[in-house]
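[1] Mind folding the following:
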Amino acid sequence: MLQDKDELLQALITEYAQMYMKLAVSIGVPYDDVEDIVMEAFWSFYRADYIGKLENEKAIKAMLARIVENKCIDYFRREKRSIGPNEDEDVSELDYIADHTKYDPLQAVISRESCGQIYEVLDGLKKPWKDVTVMYFIQELTTEEISKRLEITNDVCRSRISRARKYLKEKLQSCIDKDHL
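    Next comes the predicted model:
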C-alpha cells in the first residue's frame, strides 16, 4: 500500500507540478522559490494522507491547488516578517505600522492619522495583552513564537490574543463609528 501511495504521489507530481508552478507564479511568488513551494505542497498533501481520502481526480486537483495557495500565503508572511524591524532596532509600533503599509497594498489605505488612532487603542491595552497583540497582529509572529519569547504556554497566548481582539474590536468600532458621523 505504501508503494502505491508513493507511486501515486510521483504520478501527481509528474502530471501537475508545472500547472501548480504556474499558479504560484501567477500569485506573485518569485520564480526561484516556486518549485520549493510546490514541492512543499505535494509533501503536505502526502503527509495529510489525502491520497487515500479523496476519490476523484477533480477533488485531488482542487485540494492541491488550495494547498499551493496556502503555501504561497505562508511564503509571503515569512517574507513580510523578514523585512520588519529586528529585535535590536528601536522602532516604535506606530512607525512599524506606518512602514508596514508600504509592503501590503491592502493596508496602503490606512493613513498616518488612522495609525495614530490604532496606536492609542493599543496603548490602552493591559501590558500582557499589548505585548501579545503587537507580536501577533503587527509583527505577525506565530503563537508558538510568541509563547517562547514571553515564556508562557500556547493556550495562555491564544487566550490573551482572543481577549485583546475582543477589546480592540470594541474600541476600534467606536473609532470607525466616529469617523463616519
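[2] Quick check: can you list the domain ranges of this structure?
    Using automatic domain parsing, the domain parsing of the chain gives 2-82, 93-179.
[3] any chance of those domains in a markdown table, with mean pLDDT too?
    Converted to a markdown table, the domains of the chain look like this (pLDDT from 0 to 100):
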| stretch | mean pLDDT |
| --- | --- |
| domain 2-82 | 83 |
| domain 93-179 | 72 |
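[4] With mean neighbour count as new columns, can the ones you listed be given to me in JSON lines?
    In short, each C-beta sits where N, CA and C put it, glycine included. As requested, those are exported to JSON lines (neighbours: other C-beta atoms under 10 Å):
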{"stretch": "domain 2-82", "mean neighbour count": "15"}
{"stretch": "domain 93-179", "mean neighbour count": "15"}
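[5] so where do the helices sit in the protein?
    2-27, 31-47, 50-53, 57-82, 93-100, 112-123, 127-133, 143-150, 154-179 (DSSP state H).
[6] Dead centre of this structure: give me the residue that sits there.
    Nearest to the geometric centre of the chain sits residue 77, at 4.9 Å (C-alpha atoms, centre = their mean).
[7] My guess is that residue contacts residue 141. True?
    No. Look at residue 77 against residue 141 with C-beta atoms under 8 Å: they stay out of range, at 10.1 Å.
[8] Can you pull the residues that touch both of the two?
    Jointly contacting residue 77 and residue 141 under the rule C-beta atoms under 8 Å, 6 or more residues apart in numbering is no residue at all.
[9] roughly how far apart are residue 6 and residue 37?
    21 Å (C-beta to C-beta, to the nearest Å).
[10] do the same with residue 156
    33 Å.
[11] swap in residue 127?
    From residue 127 to residue 37 the distance is 38 Å (C-beta to C-beta).
[12] what does residue 57 give?
    From residue 57 to residue 37 the distance is 22 Å (C-beta to C-beta).
[13] so how far is stretch 59-66 off the chain centroid?
    20 Å (C-alpha atoms, centre = their mean, to the nearest Å).
[14] Let's see that stretch as CSV, backbone CA atoms only.
    Provided in CSV are the C-alpha atoms of stretch 59-66 (Å, rounded to 0.1, in the frame of the first residue of the first chain):
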residue,chain,number,x,y,z
ALA,A,59,-11.1,16.7,-5.8
ILE,A,60,-7.3,15.9,-5.7
LYS,A,61,-6.5,18.8,-8.1
ALA,A,62,-8.7,21.2,-6.1
MET,A,63,-7.1,20.2,-2.8
LEU,A,64,-3.6,20.5,-4.2
ALA,A,65,-4.4,23.9,-5.6
ARG,A,66,-5.7,25.1,-2.2
